[in-house]
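> Show me how the following folds:
(2 chains)
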Amino acid sequence: MKFYEALGLEPKLALDSEDLKKRFYDRSRQWHPDRFSRGTSEEKQRSEEMTSTLNDAFRTLRDPVSRAEYFLSQSGLELPKDAPPELLEEIFELNMALEELRGGDESAREQLVSAQERFTNMLGEADTNLADLFGRYDETFDTAVLDQVRAVLNRRKYVSNLLRDVEKELNVHSAN
Amino acid sequence: MAYSDKVLDHYNNPRNVGSFDKKDPNVGTGMVGAPECGDVMKLQVKVNPATGIIEDAKFKTFGCGSAIASSSLATEWLRGKTVDEALAIKNTDIVNELSLPPVKIHCSVLAEDAIKAAIDDYKKKSENVESQTKAHA
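Numbering: from 1, shown residues only, chains lettered A, B, ... in the order given. The predicted model follows:
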């Protein structure tokens, strides 16, 4: 996996963020284009490519969610298109409430505030869950664990999109 | 990206928006979604149990213009079809009718999934009704 290789890491789901940062800084210094200003054109090109790869690698790997998505896509496991069924009904109801609030129905506000709290908690749970699964996969290399990672990511994406919409709507209407 | 005229037409004048009572044994409900964009689509069919013909179809979609247009078009096509004819509707038919660009093909897939989910739900319900009727007979 290119991003792991660029930072000299074994492909693992759980990474230490301080170690990651140190590797990124060390290698960025090592490959900094300024150090190759008098080098051959091949060397210059190589330093630019490495710098750009290191930037992409760090940006992708430092966030557990984008890291897991990268890991799964590199393992040939794309995010599935189907949504978590237990969430769909709730998402639908919430979208209805959002629509009502946009239409000026203030009674929808209470529902949105409690949804905001619930979804913030759900994101926290998903993150804890991911951290556990990362550790389990790194120890066992069990692809069934990767499927669970995929399911959690899927759910998390929905929840974070919704939370964004809910917060946007609550802010707009409290500002008025 | 510009929407095609047909997409705009469905988006501005969506057909058959609304819902049926999902507890009605003649109603099938399909609820599907796409995590990458947060779209949610609810599509319902009301079937005449004697003829197996879809008498009415309704939808409510939260999502982009193409998702709304795909589900709106689907409800138009469903009306008057038998349950089996409805299952033959393919997402490519929707893509062609609405001239959807490649990045919006997933919207038509969602609509096809919603149709299948709604019909499945109806079939399950009607089987239950049948087995219950038999059990009582």
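
> Next one, pLDDT for the closest residue to A:Ser37 other than its chain neighbours please.
Closest residue to A:Ser37 apart from its sequence neighbours, by CB to CB, 6 or more residues apart in numbering or on different chains: A:Lys44 at 7.8 Å. Quick note: C-beta positions are derived from backbone N, CA and C, even for glycine. You'll see A:Lys44 listed with a pLDDT of 92.

> try A:Ala97
Looking at A:Ala97 specifically, the model assigns a pLDDT of 81.

> follow-up on the earlier one: the residue nearest to A:Ser37 - that's part of a strand, no?
No. According to DSSP: H, G, I helix; E, B strand; the rest coil, the state of A:Lys44 is helix, so it is not within a strand.

> Which neighbouring elements make contact with the longest helix along chain B?
Assignment by DSSP state H gives helix B:105-136 as the longest helix of chain B. Using 3 or more CB pairs under 8 Å, 6 or more residues apart in numbering or on different chains; DSSP states H and E as the contact test, the elements touching helix B:105-136 are strand B:27-34, strand B:39-48, helix B:65-78, helix B:83-87, helix B:91-98.

> Next up, the contacts around A:Phe36.
A:Glu43, A:Lys44, A:Arg46, A:Ser47 (CB atoms under 8 Å, 6 or more residues apart in numbering or on different chains).

> Not counting sequence-adjacent ones, nearest residue to it?
Once chain neighbours are set aside, the closest to A:Phe36 by CB to CB, 6+ apart is A:Ser47, at 4.3 Å.

> Check which helix or strand A:Arg29 maps to.
When elements are assigned from DSSP states H and E, A:Arg29 belongs to helix A:17-30.

> what does the average pLDDT come to for that helix?
Throughout helix A:17-30, pLDDT has a mean value of 96.

> packing partners for it?
Checked by 3+ CB pairs under 8 Å, 6+ apart, helix A:17-30 has helix A:41-62 packed alongside it.

> May I ask which helix or strand of chain A has the lowest mean pLDDT?
Ranked by mean pLDDT, DSSP states H and E, the helix or strand of chain A with the weakest confidence is helix A:85-102, at a mean of 81.

> same for that helix, what does it pack against?
Using 3+ CB pairs under 8 Å, 6+ apart as the contact criterion, the neighbours of helix A:85-102 among helices and strands are helix A:108-140, helix A:143-175, strand B:27-34, strand B:39-48, strand B:53-62.

> what's the neighbour count on A:Glu139?
Counted with other CB atoms under 10 Å in any protein chain shown, the burial measure for A:Glu139 works out to 11 neighbours.

> Flag every buried residue along the least confident helix or strand of chain A.
A:Leu87, A:Leu88, A:Glu90, A:Ile91, A:Phe92, A:Leu94, A:Asn95, A:Met96, A:Ala97, A:Leu98, A:Glu100, A:Leu101 (16 or more other CB atoms under 10 Å in any protein chain shown).
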